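[1] Next input, structure requested:
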Amino acid sequence: MYRIMTIEREYGSGGGEIACELSNRLGWTLWDHALTEEIAKQANVECSTVERCAERVDGTFQRLVKVFWRGSYERSIPLPGAEPFDTDRFVAVGQQVMEKIAEAGNCVIVGRGAPYFLRQHADAFHVFLYAPHAEKRNRLLKVGKSEKEAEELLDTIDRDRITFVKRYFNADWPTRCLYHLMINTAVGNENVISTILNSMRSLESLPISC
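    As a prediction, the model looks like this:
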């Protein structure tokens, strides 16, 4: 019996919207922005700080700040919340949070490395959503992105995810053997949602592991 669903997605493929509808139909808790909030709470940082680290590797400036901070005299003084929040800490705290979420079950988790963190959970159903470039671009334009912004985001965000997964999980992104289902969202949200639910129900006795 599946108690967890992870939704990994190409940027702009509609993953957040589809995950929200899936959680509504299943009556399960959605962990999308709420997951960012929980990681921020556990790490004692702002949500915006977590969002900058999510699914991307630290930039040069962040790495230099981390090196400077670790080498400073003041670092030896224990100050509440003083530890810098970087991608390494995001991964550590994120894994702890996701394990607690998975233990509770009945949840839909969007991105943040969830299929990698929870790959050993037999009760997790993993989905990857993708779409042609034109479809993703049109979805972004519909939610108010400019043409320039849409193209820049499509050009950079998934590239960051590839780097993130390679560094922290030593794997390609997407790692196809992790997923029970990979769907092109150009077929429409309703078709995607129906396919996911029907597939999960029919495969509950046959979980696929990597």
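
[2] quick one: low-confidence parts of this structure?
    Within the chain, the segments meeting pLDDT under 70 span 52-84, 205-210.

[3] Could I get the full set of strands for the protein?
    Listed from the start of the chain, the chain has strands (DSSP state E) covering 4-9, 29-31, 107-110, 124-130, 181-184.

[4] Take these and lay them out in a markdown table including distance to A19 and mean neighbour count.
    Heads up, the C-betas are built off the backbone N, CA and C, glycines and all. Shown next, in a markdown table, are the strands of the chain (distance: least, Cβ to Cβ, whole Å; neighbours: other Cβ atoms under 10 Å):
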| stretch | distance to A19 | mean neighbour count |
| --- | --- | --- |
| strand 4-9 | 4 | 26 |
| strand 29-31 | 6 | 20 |
| strand 107-110 | 5 | 26 |
| strand 124-130 | 9 | 24 |
| strand 181-184 | 12 | 16 |
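
[5] Out of the ones you listed, which is closest to K41?
    Closest of the strands of the chain to K41 is strand 29-31, at 13.0 Å (criterion: Cβ to Cβ).

[6] Now do the phi/psi pair for the residue nearest to the spatial centre of the chain.
    Nearest to the mean C-alpha position of the chain, counting by Cα atoms, centre = their mean, stands G111 at 1.5 Å. Main-chain dihedrals, G111, degrees, to the nearest 10: phi 60, psi -140.

[7] cool, G144 as well?
    The main-chain torsion angles of G144 are listed as degrees, to the nearest 10 and equal phi 100, psi 0.

[8] Please give the number of neighbouring residues around it.
    8 (other Cβ atoms under 10 Å).

[9] Then R25?
    One way to gauge burial is a neighbour count; for R25, by other Cβ under 10 Å, it gives 13.

[10] Turn the strands of the chain into a markdown table, including distance to T195.
    Conversion of the strands of the chain to a markdown table gives the following (distance: least, Cβ to Cβ, whole Å):
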| stretch | distance to T195 |
| --- | --- |
| strand 4-9 | 13 |
| strand 29-31 | 19 |
| strand 107-110 | 15 |
| strand 124-130 | 9 |
| strand 181-184 | 6 |
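
[11] Out of these, which gets nearest to W173?
    Among the strands of the chain, strand 4-9 comes nearest to W173, with 8.4 Å by Cβ to Cβ.

[12] Run through who's touching the closest one.
    Contacts to strand 4-9, defined as Cβ atoms under 8 Å, 6 or more residues apart in numbering, come from residues 15-16, 18-19, 22, 26, 28, 101-102, 105, 107-111, 114-115, 118, 121, 123-130, 174, 179, 196, 200.

[13] what's the answer for stretch 170-187, then?
    Stretch 170-187 is touched from outside by 8, 13-15, 18, 115-116, 119, 125-132, 135, 158, 161-162, 164-166, 169, 192, 195-196, 199-200, 203, 207-208, 210, with contacts defined as Cβ under 8 Å, 6+ apart.
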